[in-house]
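> turn this into a model:
(2 chains)
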Amino acid sequence: MKTIVPIGPYHPLQEEPEFFTLTVEGEKIVSVDVQVGYNHRGIEKLSEMKTYDQSTFVVERICGICSTSHPFAFVQAVEDIAQIEVPERAKYIRTIIGEGERIHSHLLWLGLAGHFLGYNTVFMWAWKLREEILDVMEILSGNRNNYGMFKPGGVRRDIKAEDIPMVLKKIDSILPTLDMLKKAVLDDPVLQARTKGVGILTKEAAINYSALGPTARASGIKRDVRKDSPYAAYDRVQWDMIVTQNGDVFDKLVLRVLETFESVKIMKECLLTLPPGEIDANLKTIPPGEGIGQHEAPRGECFHYVKSDGTNRPVRHKIRAPTFMNLPTYKSTVINQTISDVTIILAAIDPCYCCTERISVLDTKGTKLYGGEDLVRLSQAKTERLRKEMGVK
Amino acid sequence: MSALIFLIIFGFALTSILGLVASGIDRKVTARVQYRVGPPLWQPFIDIIKLLGKENLIPSGASKLAFLGAPLVGFASVVLVATLLWKNNLTPAQTLGGDLIVVLYLLVIPAISLMMGGFASKNPLASVGASREMKLILSYEIPFSLAVLVPVIKAGFLIRLGELINFQAQNGAVAGNLSGFIALGVALLCVQAKLGLVPFDISEAETEIVGGPLIEYSGAPLALFRLMKNMLLFVLPFFLIIVFMGGFKVAGWGLLWSVLKYVGLLVVITVIRNTNPRVRIDQAVRFFWGPVTAFALIAVVLAFLGK
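Numbers count the residues shown, from 1 in each chain, chains lettered A, B, ... in the order given. From the prediction side, this is the model:
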């Protein structure tokens, strides 16, 4: 007998609205349908109405967890249009902020993964540890989250030399706890029993679905923007890309924990070798043109496309968050698993719906979706109409 | 003292107060383990009182009688078990014969009442939870009964709780022997599952099936279920103390020692629940039918051999 088990639109499993329709036979999943779009805020349009400096702040508010990923990618897209070189010091500061964010994001995920498995002690411990790194971010940027550090051409705030020893000490102080948490989590036999061999995303499937970030790396794909097309200071410091082979939830867990250590390494090295100099290239005008910006967000590659017409605001700003690519892998990982495992499989890609949601159109029955071409046609028609109304040729 | 007054004072009032305090301690200890401050000790009392005043919603399409009857059935059985246990402790001589078997049966009913409520509420998640509860009962009842068999064998096939206490008063606690100790460990794991605590909170699993059988409950019925679960947190270790650890003495220094026994068991339960993730239902069944039942059988054989 087939039953439909709904997860969502509001469910204690995930902190954001999303809707999974699981068709189950007993406890076994036979099919899954994912519906997102509860969180659409029109960020792209909003960004196109702001100046480049303002847009940096707008995109920072796309995601509350990986808040720096979007400005990181966005400013790189703008710099790509302007073809300017960012000062070395700014590159290092950007790297430090990016990696600090990765540490706190992975710890946040680790805690949530523990929570989803009913292991609330890990949840609380990981989040307590995360507080320390948030403190570090507060020292560096003035904010625990939404750092407001980025601007096209550089960073908005310098790292003071007198802050560095304190920050280094704080980072060192979390390492023993992080180590203990790593051992506690990775050596736990019950946790292994729950996650090993669960929700396997094969290498082939990961390639076919174009999975990104930790989701892809856990399936044995060496894909990391920081290594593949280095930006900021990622090619100036020593670090390893962590890749695990099995693609199950346990490998994703291991990968994220190990990546946290790599991030600590990068952050420390950047702080120690922070070059002196300017932090801003004083970008004045943006020439017409197109630019792309990529950043390896904690969840995978974050991609921004910006088109400029020479004015002070983007004509088109397209954002693709990593979850957009990772979400369809559910079709491959969830089928034939049980309801108990589905929750952790769904959580294993570290989904971020508010990052992902750009548009979704439904009719009143909630079935028909517009295809890509329909949307382009609608958009063109609207632009045409607006032009007529405003009298622009 | 008439039986009814005994039932109300000991079976209901005292047990529920102790159960709620135990639940408060459990929550406080859990909070401290997790670097939290935690709620005040009397928070479970506040929760129950608050729930009693809340609106009671019955889902449309649910079987009203079964839906509202389930918490009553479960609650009543726990009160009855508590009464029997207290009676045995206070006046071991005046209890009915074979009450161990009655208690074993009554201890299954809370889980069955959860199932009943879950299936009656016509919610797919509640049904999943109820079916998991059913599988869980099937898995832990065998080792639990086997473990309880050990003191029975030790005491020369006495199935009256009062006689078990008397036997232990003369020959020392059953848990002092190898077989009794193994059986206590087995029984403790089963109690963890009976209490529905991590790693065996499979039927409620809030992040998977949002509370399972309890998903549709609100107001007074939910309060009854909560009270039932909190009372079980006292009743089940209490039962273990009676059959394995020489009973619960209430006079003189014996009281302190008895309280220590109880707190010891509570701490073990709390520690297990805070250092494990939730297992899957098939893993739980395999665990209880595999190693746990094997250990229970070993304990039974050892008990026959007089170890």
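> ok, and the closest non-adjacent residue to residue 120?
Because you didn't say which chain, this covers chain A. Sequence neighbours aside, B:Gln34 is the residue nearest to A:Asn120 in space, at 6.4 Å (criterion: CB to CB, 6 or more residues apart in numbering or on different chains). In this view, the C-beta of every residue, glycine as well, is placed from N, C-alpha and C.
> not what I meant, chain B
That would be B:Ala66: by CB to CB, 6+ apart, it lies 3.6 Å from B:Ala120.
> ok, A:Trp109 - contacts?
By CB atoms under 8 Å, 6 or more residues apart in numbering or on different chains, the residues touching A:Trp109 are A:Arg256, A:Pro298, A:Ala347, A:Asp350.
> sorry, slip of the keys, the one I care about is A:Glu79.
With CB under 8 Å, 6+ apart, A:Glu79 has these contacts: A:Val86, A:Pro152, A:Gly153, A:Leu283, A:Gly291, A:Gly293.
> export those to TSV and tack on secondary structure, distance to A:Phe123 and pLDDT?
Listed next are the contacts of A:Glu79 as TSV, based on DSSP: H, G, I helix; E, B strand; the rest coil; distance: CB to CB, whole Å; pLDDT from 0 to 100:
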residue	secondary structure	distance to A:Phe123	pLDDT
A:Val86	coil	38	90
A:Pro152	coil	38	88
A:Gly153	coil	40	87
A:Leu283	coil	43	84
A:Gly291	strand	40	90
A:Gly293	strand	34	90
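> and the residue of chain A found nearest chain B, how many neighbours does it have?
When scored by CB to the nearest CB, chain A has A:Gly118 as its residue closest to chain B, at 3.1 Å. Using other CB atoms under 10 Å in any protein chain shown, A:Gly118 has 27 other residues around it.
> mind checking the SS state of it?
Secondary structure, DSSP: H, G, I helix; E, B strand; the rest coil: A:Gly118 is coil.
> so it touches B:Thr207, yeah?
Yes - judged on CB atoms under 8 Å, A:Gly118 makes contact with B:Thr207 at a distance of 6.9 Å.
> my read: A:Tyr92 touches A:Gly277, true?
No - counting by CB under 8 Å, A:Tyr92 sits too far from A:Gly277 to count as a contact (9.8 Å).
> show me how far whichever helix in chain B runs longest is from its chain's centre.
Criterion DSSP state H: the longest helix present in chain B is helix B:124-154. Distance, stretch centre to chain centre, for helix B:124-154: 11 Å (CA atoms, centre = their mean, to the nearest Å).
> elements contacting that helix?
The contact analysis (3 or more CB pairs under 8 Å, 6 or more residues apart in numbering or on different chains; DSSP states H and E) places helix B:124-154 against strand A:2-7, helix B:99-120, helix B:161-171, helix B:178-195, helix B:206-209, helix B:219-244, helix B:281-287, helix B:293-304.
> is there proximity between the fourth one and chain A?
The one in question is helix B:178-195. No - using CB under 8 Å from any CB of the partner chain, helix B:178-195 never reaches chain A; the gap is at least 12.7 Å.
> buried sites along that helix?
For helix B:178-195, burial by neighbour count (16 or more other CB atoms under 10 Å in any protein chain shown) applies to B:179-195.
> more neighbours: which of A:Tyr92 and A:Gly277?
Shown here are A:Tyr92 and A:Gly277; by other CB under 10 Å, A:Tyr92 has more neighbours (24 against 10).
> which helix or strand contains the more buried one?
Of the helices and strands defined by DSSP states H and E, A:Tyr92 is found in helix A:88-116.
> what angle do the next helix or strand after that helix and helix A:88-116 make?
Of the helices and strands lying after helix A:88-116 in sequence (DSSP H and E), the nearest is helix A:120-141. Interaxial angle, helix A:120-141 versus helix A:88-116 (axes from the mean of the first three to the mean of the last three CA atoms, to 10 degrees): 160 degrees.
> and helix A:120-141, what's its mean pLDDT?
The average pLDDT for helix A:120-141 rounds to 87.
> for it, what is the distance to the chain centroid?
18 Å.
> ok, now stretch B:273-289?
17 Å.
> okay, buried residues for stretch B:2-17 please.
Applying 16+ other CB under 10 Å to stretch B:2-17 flags B:Leu7, B:Phe10, B:Gly11, B:Phe12, B:Thr15, B:Ser16 as buried.
> if we can go back for a sec, identify each buried residue in the longest helix of chain B, please.
B:125-137, B:139-144, B:146-154.
> leaving out the residues flanking it, which one is nearest to whatever residue of chain B ends up closest to chain A?
In chain B, the residue that lies nearest chain A is B:Arg278 (3.1 Å; CB to the nearest CB). In space, and not counting its chain neighbours, B:Arg278 is closest to A:Gly118: 3.1 Å by CB to CB, 6+ apart.
> pretty sure A:Phe116 is touching B:Glu206, no?
No - applying CB under 8 Å, one finds A:Phe116 not in contact with B:Glu206, separated by 9.7 Å.
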